[in-house]
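Colleague: this one's structure only:
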């Protein structure tokens with residue numbers, strides 16, 4: 001069965017990055033004979049101009065029937081507090097029922113890091129926490145009590161937290177490292193307390209070893225061995241901040257692609273903003289968009305048990321890392337001068353090289369094995 005992949009270019013540099021990503025996807029499809037049904041629909045300012053809505057019903061329906069989707073950068077919904085309630089990304093997350101965010105953070109070759117062995121999967125709520133755009137069904141969780149008093153609500157519900165924890169358990173079982181429950185109960189005793197207690201109850205019932213990790217102890221945890229193959233389950237209050245912090249420490253903040261998932265699909269919302277200052281000049285960095293597709297392919301492969309999708313995702317990430325390890329393949333944001341198209345071509349070339357090298361290594365290993373078997377048979381010591 002084909003994988004339905006939806007690309008939503010978004011605003012600013014989104015369209016040019018989406019085009020570069022389509023080029024990488026075409027390369028991966030050729031290398032691994034992928035069966036992908038790809039489509040593209042408008043979202044954000046383009047959709048607003050066409051239909052009067054940045055997230056029109058047609059786009060929402062296309063998202064709901066897709067298996068995986070990548071959403072490009074979206075322009076700010078506006079500065080007013082009322083605009084927060086109609087924020088496009090927040091509407092998308094709620095309407096598509098995306099309940100968990102997954103971020104894989106590790107160092108990248110060619111970039112300075114103080115944590116070379118770091119490898120952490122961060123699991124956090126997509127809808128609950130302190131984001132006033134996402135934690136309310138009607139209205140906003142952000143308000144002015146008076147002209148001089150601002151209030152923001154932190155939300156954690158038992159049912160949503162249990163759903164997140166169960167997803168975290170399934171993910172942690174496939175990883176070698178420890179499980180940590182990151183909490184800020186000293187700051188938000190009610191919502192964070194409920195979140196931490198419910199997550200740890202699910203982990204205990206599942207027989208998964210785990211420990212609570214106060215947010216203020218995260219720096220020490222990153223400096224120690226606890227970040228190798230680890231799974232950190234984090235509340236919505238801390239999720240985004242922690243992902244940014246860990247990405248910064250690892251030196252890979254610009255290469256961290258997140259997924260938002262429900263029980264049957266994954267959507268990646270590309271980080272970095274629309275970058276209107278450079279949009280249309282062909283100098284934006286497409287790697288976050290490219291890695292978002294890789295994460296989606298890997299998720300689909302894991303869910304379906306299709307190794308070709310997993311292998312394609314690995315090849316894309318290996319290609320991106322190999323390309324960016326060379327400074328001449330980096331955008332201006334990463335200290336280089338490469339154009340969007342040049343970066344995409346470098347990633348594709350590195351993918352092809354990596355796949356060929358892997359095939360050659362497997363051929364050599366098979367030849368050695370055949371020679372050993374033939375020698376064993378000739379000497380009469382074979383089975």
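Modeller: Looks like it came in fine. Keep in mind that what you see is a predicted model, and the values were worked out from it rather than measured.

Colleague: against which helices or strands is the helix or strand containing residue 16 packed?
Modeller: In the assignment (DSSP states H and E), residue 16 maps to helix 14-32. Contacts defined by 3 or more C-beta pairs under 8 Å, 6 or more residues apart in numbering; DSSP states H and E place helix 14-32 against strand 3-8, strand 36-40, helix 287-304, helix 307-324, helix 340-378. In this view, the C-beta of every residue, glycine as well, is placed from N, C-alpha and C.

Colleague: do that again at 10 Å, thanks
Modeller: strand 3-8, strand 36-40, helix 45-51, strand 68-71, helix 287-304, helix 307-324, helix 340-378 (3 or more C-beta pairs under 10 Å, 6 or more residues apart in numbering; DSSP states H and E).

Colleague: point out where the stretch 101-250 of the chain drops to low pLDDT.
Modeller: 131-136, 140, 226 (pLDDT under 70).

Colleague: could you pull out the helices in the stretch 51-200 of the chain for me?
Modeller: Ranges of helices in the stretch 51-200 of the chain, per DSSP state H, counting those that start in this stretch, are 57-65, 81-84, 88-95, 158-172, 189-205.

Colleague: thinking again about what came up before, make a markdown table out of the helices and strands packed on helix 14-32 and add mean neighbour count, mean pLDDT and distance to residue 149.
Modeller: As requested, the helices and strands packed on helix 14-32 are arranged in a markdown table below (neighbours: other C-beta atoms under 10 Å; pLDDT from 0 to 100; distance: least, C-beta to C-beta, whole Å):
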| stretch | mean neighbour count | mean pLDDT | distance to residue 149 |
| --- | --- | --- | --- |
| strand 3-8 | 23 | 97 | 38 |
| strand 36-40 | 15 | 96 | 45 |
| helix 45-51 | 15 | 89 | 33 |
| strand 68-71 | 28 | 97 | 35 |
| helix 287-304 | 24 | 96 | 38 |
| helix 307-324 | 22 | 96 | 46 |
| helix 340-378 | 15 | 84 | 46 |
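
Colleague: next, name the residue at the spatial heart of this structure.
Modeller: residue 258 (1.9 Å; C-alpha atoms, centre = their mean).

Colleague: shouldn't that residue be in contact with residue 272?
Modeller: No - with contact defined as C-beta atoms under 10 Å, residue 258 does not count as touching residue 272 (11.5 Å).

Colleague: name the residues contacting each of these two.
Modeller: residue 288 (C-beta atoms under 10 Å, 6 or more residues apart in numbering).

Colleague: checking residue 233 next. Helix, strand or coil?
Modeller: Of the three states, residue 233 takes strand under DSSP: H, G, I helix; E, B strand; the rest coil.

Colleague: list the contacts for the nearest residue to it once chain neighbours are set aside?
Modeller: Excluding its sequence neighbours, the residue lying closest to residue 233 (C-beta to C-beta, 6 or more residues apart in numbering) is residue 168, at 4.4 Å. Neighbour list for residue 168: 100, 102, 121-124, 179, 181, 199, 202-203, 206, 208, 210, 231-234 [criterion: C-beta under 10 Å, 6+ apart].

Colleague: hmm, 8 Å instead?
Modeller: Residue 168 is in contact with 100, 123, 179, 199, 202, 203, 231, 233, counting by C-beta atoms under 8 Å, 6 or more residues apart in numbering.

Colleague: what's the closest of the helices of the stretch 51-200 of the chain to residue 223?
Modeller: When the helices of the stretch 51-200 of the chain are compared by C-beta to C-beta, helix 158-172 sits nearest residue 223, at 21.8 Å.

Colleague: what is the orientation angle of the closest one with helix 287-304?
Modeller: With axes from the mean of the first three to the mean of the last three C-alpha atoms, to 10 degrees defining the directions, helix 158-172 sits at 90 degrees from helix 287-304.

Colleague: so which bits of helix 158-172 are buried?
Modeller: 160, 161, 163, 164, 165, 166, 167, 168, 169, 171, 172 (16 or more other C-beta atoms under 10 Å).

Colleague: okay, now the nearest residue to the last one once chain neighbours are set aside: neighbour count?
Modeller: What that stands for is residue 172. Distances taken as C-beta to C-beta, 6+ apart place residue 231 nearest to residue 172, at 4.0 Å, with adjacent residues excluded. Neighbourhood size, residue 231 [other C-beta atoms under 10 Å]: 24.

Colleague: who's residue 231 bridged to?
Modeller: residue 121, residue 179 (DSSP bridges).

Colleague: got the contact list for it?
Modeller: Per C-beta under 8 Å, 6+ apart, neighbours of residue 231: 120, 121, 123, 168, 171, 172, 175, 177, 178, 179, 180.

Colleague: which one of the residues you listed is nearest to residue 107?
Modeller: residue 120 (10.9 Å).

Colleague: correct me, but that closest one touches residue 233?
Modeller: No - using C-beta atoms under 8 Å, residue 120 is not in contact with residue 233; the gap is 11.2 Å.

Colleague: more neighbours: which of the two?
Modeller: Relative neighbour count places residue 233 above the other of residue 120 and residue 233, with 32 against 27, counting by other C-beta under 10 Å.

Colleague: run the chain-centre distance for stretch 58-67.
Modeller: Mean C-alpha position of stretch 58-67 versus that of the full chain (C-alpha atoms, centre = their mean, to the nearest Å) differs by 19 Å.

Colleague: one more: stretch 208-227?
Modeller: That offset, for stretch 208-227, works out to 21 Å (C-alpha atoms, centre = their mean).

Colleague: end to end, how far does stretch 31-46 reach?
Modeller: 33 Å (C-alpha to C-alpha, to the nearest Å).

Colleague: with stretch 179-199 instead?
Modeller: First-to-last residue span, stretch 179-199, C-alpha to C-alpha: 11 Å.

Colleague: what mean pLDDT does stretch 255-271 get?
Modeller: The average pLDDT within stretch 255-271 is 91.

Colleague: circling back: need the helices of the stretch 51-200 of the chain in CSV with distance to residue 18, can you?
Modeller: Conversion of those to CSV gives the following (distance: least, C-beta to C-beta, whole Å):
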stretch, distance to residue 18
helix 57-65, 14
helix 81-84, 25
helix 88-95, 16
helix 158-172, 28
helix 189-205, 35
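
Colleague: sweet, I'm off.
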